[in-house]
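**Student:** coords please:
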Amino acid sequence: MFTIESLDGENVGGINLNSIDERNGTFSIGIRIDRDHRGKGYGTRAVHILLRFAFFERRLNKFNDSVIIFC
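**Tutor:** Numbering: from 1, shown residues only. The predicted model follows:
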């Protein structure tokens with residue numbers, strides 16, 4: 001689990017790798033952005049960073065995607 005922070009150091013949400021299957025190289029991502037900080041690019045940037053980490057550092061090779069929306 002990683003914390004997503006603004007440039008000012010304010011906690012705006014969290015992101016993590018889920019359902020990691022090392023044998024098949026698959027994974028999914030869980031992300032939550034606080035309501036006040038949505039629509040400002042924090043989630044997009046966090047997903048980009050985490051995907052780079054998963055593919056290049058962890059050597060995973062398939063991202064399984066699903067979406068659950070909570071308001």
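**Student:** for the record, mean pLDDT for the strand ranked longest in the chain?
**Tutor:** Among the elements of the chain assigned as strand by DSSP state E, the one spanning the most residues is strand 11-21. Summarised as a single mean, pLDDT over strand 11-21 is 94.
**Student:** got the buried residues for the next helix or strand after it?
**Tutor:** Past strand 11-21, further along toward the C-terminus, the next helix or strand under DSSP states H and E is strand 26-33. Of all the residues in strand 26-33, those buried under the rule 16 or more other C-beta atoms under 10 Å are 27-29, 33. Every C-beta, even on glycine, is put in place using the N, C-alpha and C of the backbone.
**Student:** rewinding a little: so what touches the longest strand of the chain?
**Tutor:** If you take C-beta atoms under 8 Å, 6 or more residues apart in numbering as the criterion, strand 11-21 is touched by 1-6, 26-34, 37, 42-43, 46-47, 50, 54, 58, 60, 64.
**Student:** residue 6 contacts residue 37, correct?
**Tutor:** Yes: with contact taken as C-beta atoms under 8 Å, residue 6 and residue 37 are classed as touching, separated by 7.3 Å.
**Student:** ok, the two, which is more surrounded?
**Tutor:** For residue 6 versus residue 37, neighbours defined as other C-beta atoms under 10 Å are more numerous around residue 37 (16 against 12).
**Student:** if I pick the more buried one, what's in contact with it?
**Tutor:** Applying C-beta under 8 Å, 6+ apart, the residues contacting residue 37 are 6, 12-13.
**Student:** hang on, residue 36 in a helix?
**Tutor:** Yes: when the secondary structure is assigned by DSSP: H, G, I helix; E, B strand; the rest coil, residue 36 falls within a helix.
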